[in-house]
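# I need the structure of the sequence given here:
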Amino acid sequence: MKNLFFLLFVAVFMLTNCEDKKKNLTAKYDELMKQADSIEASHQDFMKTHNEMADMHDKFKQQLEGMELQDSTVIEDIAKHDVILKRHDVTLESHTEMFENHKNLKSEFDAMTDVEMEAKIEEMEQDHEKIKSEHATMEDEHNTIMNEHDAIEKALNENQAKESEED
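Numbering: from 1, shown residues only. Next up, the predicted model:
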């Protein structure tokens with residue numbers, strides 16, 4: 001009889017402990033979703049900035065098309081910028097997919113085992129860190145592109161001024 005009560009006690013304890021763990025994991029997921037909302041808002045801002053940057057780059061390329069360029073490195077720099085901006089497009093799209101996957105996970109989350117929940121939470125945390133890191137890298141690359149565009153424009157303006165003086 002003692003053994004029966006002990007087994008019953010252990011069973012109740014295990015069920016209660018499992019429910020607490022599930023509640024804690026759900027709370028952690030909810031907190032991660034709040035963080036995701038904040039990261040997604042900054043992602044949307046960054047996408048806007050990126051699109052503006054890509055538009056500016058396209059306009060800059062159009063301006064250069066009509067010019068006779070003395071310096072071949074200008075063409076190389078523009079090509080390098082194209083590659084960077086296209087890579088950013090792919091990266092930003094992957095971030096958007098991650099956010100969608102995180103949102104879609106909510107409907108499945110409650111039906112998961114504790115182990116599955118922990119794995120998904122860890123994956124979300126890694127995704128958040130990846131997104132933040134890649135945003136920082138892309139922002140640095142945008143700044144580099146802007147600085148190089150400015151330097152190219154300055155050099156082209158100086159060359160045009162010299163050519164005007166020579167005429």
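# give me the pLDDT for Leu92.
On pLDDT, Leu92 comes in at 96.
# how much space between it and Glu52?
In this view, Leu92 and Glu52 are 13 Å apart by C-beta to C-beta, to the nearest Å. C-beta coordinates here come from the backbone N, C-alpha and C atoms, glycine included.
# of these two, which one has the most company?
For Leu92 and Glu52, the more surrounded residue by other C-beta atoms under 10 Å is Leu92, and the numbers stand at 19 against 11.
# which residue sits closest to that one, ignoring its sequence neighbours?
Met47 (5.6 Å; C-beta to C-beta, 6 or more residues apart in numbering).
# list the helices and strands the host helix or strand of that neighbour packs on?
Using DSSP states H and E, Met47 maps to helix 2-65. Helix 2-65 makes packing contacts with helix 72-109, helix 114-166 when contacts are defined by 3 or more C-beta pairs under 8 Å, 6 or more residues apart in numbering; DSSP states H and E.
# just send these back as CSV, with distance to Asp58 too.
Shown next, in CSV, are the helices and strands packed on helix 2-65 (distance: least, C-beta to C-beta, whole Å):
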stretch, distance to Asp58
helix 72-109, 9
helix 114-166, 12
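# so which of these is nearest Ala27?
Of all the helices and strands packed on helix 2-65, helix 114-166 sits nearest to Ala27, with 10.5 Å by C-beta to C-beta.
# how big is the angle separating the closest one from helix 2-65?
10 degrees (axes from the mean of the first three to the mean of the last three C-alpha atoms, to 10 degrees).
# where's Ile145 relative to Leu85, distance?
From Ile145 to Leu85 the distance is 8 Å (C-beta to C-beta).
# what do you get for His102?
From His102 over to Leu85 (counting by C-beta to C-beta), the distance is 26 Å.
# between these two, which is the more surrounded one?
The neighbour comparison of His102 against Leu85 (other C-beta under 10 Å) goes to His102, with 22 against 19.
# pretty sure that one contacts Met124?
Yes: using C-beta atoms under 8 Å, His102 is in contact with Met124, at 5.8 Å.
# which residues are in contact with both of those two?
Common contacts of His102 and Met124 (C-beta atoms under 8 Å, 6 or more residues apart in numbering): 32, 36.
# center of this structure, which residue is that?
Ile131 (3.5 Å; C-alpha atoms, centre = their mean).
# give me the pLDDT for that one.
96.
# could you do Ala54 as well?
93.
# cool, Leu69 as well?
Looking at Leu69, the pLDDT reads 67.
# need the three-state assignment for Met112.
Under DSSP: H, G, I helix; E, B strand; the rest coil, the three-state class of Met112 is coil.
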